[in-house]
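1. fold the following and give me the result.
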Amino acid sequence: MHRIMLPQPVTDNDELVEITGEEAHHAARVKRLEPGQPLELLDGHGVVARAEVTEIVKLGKKAGWSLRARVLEIDRLPRPVPQIRVASAAPKGPRLESMIDQLSQVGVAAWSPLHTKRSVVDPRDGKLDRLTRVTLEAAKQCGRAWAMTIVPGCGLADALRPGAILADASGDPYEPSGLDDLTLLVGPEGGWTEAELDAASAAGARITGFGRHAMRIETASVVAAGIVLDAENRHRSKGSA
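-> Below you'll find the model as predicted:
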């Protein structure tokens, strides 16, 4: 089923919605949708609506396309638990957007750039806006009801929340905590400084290893987030059995 990310949520069954711009062009020219075909409409904030195409029209040579659809059924889904927030050093170039796309597919709730002693990249506001668009596209692709959010950057001291998990090869394998909110910290490719590791330990962060090999930032972030979410979900499943 083709999915469309809406700029505003739908509110009522039988509501008629109009989609224009790139979403309508993709549906009309790439997917070749026709009246009567089903759609799934997402808003990135928990709303998943099933709809049916009623009309696709060409607005003009420069105006693009318009797709109109009728809402058949609306689901409002709660945020999934546990929520994991990743704060990491930012990799260079297109690797950052690739990381954000993959973190979204894994199920991460939020990402923010982490400023450390050895950080190299400091994404500006324009780049962060671009990353937000990447999260919406990723949510549409993988069917997430809640899109991953991009949060402004912070230093290590601000990121050391209760129960924080700091990824470092010196740590023990991950053990589930049962917490609803988790923060995963991934350092730069130059590694954490001794002072940063000491500060994290003093703040109560769990120093945790996620593999025997040195990994790039984007690989470490995705692997670690996947391991944490899998371990926590398995722990919850056993507890409810």
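
2. what about stretch 3-20, average pLDDT?
-> Mean per-residue pLDDT for stretch 3-20: 89.

3. CA atoms only: put the helix ranked longest in the chain into CSV for me.
-> Criterion DSSP state H: the longest helix present in the chain is helix 217-240. Output of helix 217-240 as CSV, limited to C-alpha atoms (Å, rounded to 0.1, in the frame of the first residue of the first chain):
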residue,chain,number,x,y,z
ILE,A,217,29.9,6.5,14.2
GLU,A,218,26.9,5.7,11.9
THR,A,219,27.5,2.0,12.2
ALA,A,220,28.0,2.1,16.0
SER,A,221,24.9,4.2,16.5
VAL,A,222,22.6,1.9,14.5
VAL,A,223,24.0,-1.3,15.9
ALA,A,224,23.9,-0.2,19.5
ALA,A,225,20.4,1.2,19.2
GLY,A,226,19.2,-2.0,17.6
ILE,A,227,20.8,-4.1,20.4
VAL,A,228,19.3,-2.0,23.2
LEU,A,229,15.8,-2.0,21.7
ASP,A,230,15.9,-5.7,21.1
ALA,A,231,17.1,-6.5,24.6
GLU,A,232,14.6,-4.2,26.2
ASN,A,233,11.7,-5.6,24.2
ARG,A,234,12.7,-9.2,24.9
HIS,A,235,12.9,-8.3,28.6
ARG,A,236,9.4,-6.9,28.5
SER,A,237,8.0,-9.9,26.7
LYS,A,238,9.4,-12.3,29.3
GLY,A,239,8.0,-10.1,32.1
SER,A,240,4.5,-10.2,30.6
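
4. list the buried ones in that helix?
-> By 16 or more other CB atoms under 10 Å, the buried positions in helix 217-240 come out as 217-229, 232. Any C-beta I mention is one placed from the backbone N, CA and C, and that applies to glycine too.

5. quick one, strands of the protein?
-> For the chain, applying DSSP state E gives strands covering 2-5, 16-19, 38-42, 47-60, 64-76, 83-88, 110-115, 149-150, 154-155, 165-172, 181-186, 206-208.

6. out of those strands, which is closest to E194?
-> Closest to E194 of the strands of the chain is strand 165-172 (CB to CB; 10.7 Å).

7. show me the shaky parts of this protein.
-> Residue ranges of the chain with pLDDT under 70: 240-241.

8. got the domain ranges for it?
-> By the assignment in automatic domain parsing, the chain contains the domains 2-76, 83-240.

9. please identify the most buried of those.
-> The highest mean neighbour count among the domains of the chain, using mean count of other CB atoms under 10 Å, belongs to domain 83-240: a mean of 18.

10. any chance of JSON lines for the strands of the chain, columns distance to R95?
-> Output for the strands of the chain, formatted as JSON lines (distance: least, CB to CB, whole Å):
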{"stretch": "strand 2-5", "distance to R95": "24"}
{"stretch": "strand 16-19", "distance to R95": "32"}
{"stretch": "strand 38-42", "distance to R95": "26"}
{"stretch": "strand 47-60", "distance to R95": "31"}
{"stretch": "strand 64-76", "distance to R95": "32"}
{"stretch": "strand 83-88", "distance to R95": "12"}
{"stretch": "strand 110-115", "distance to R95": "13"}
{"stretch": "strand 149-150", "distance to R95": "16"}
{"stretch": "strand 154-155", "distance to R95": "21"}
{"stretch": "strand 165-172", "distance to R95": "17"}
{"stretch": "strand 181-186", "distance to R95": "13"}
{"stretch": "strand 206-208", "distance to R95": "23"}
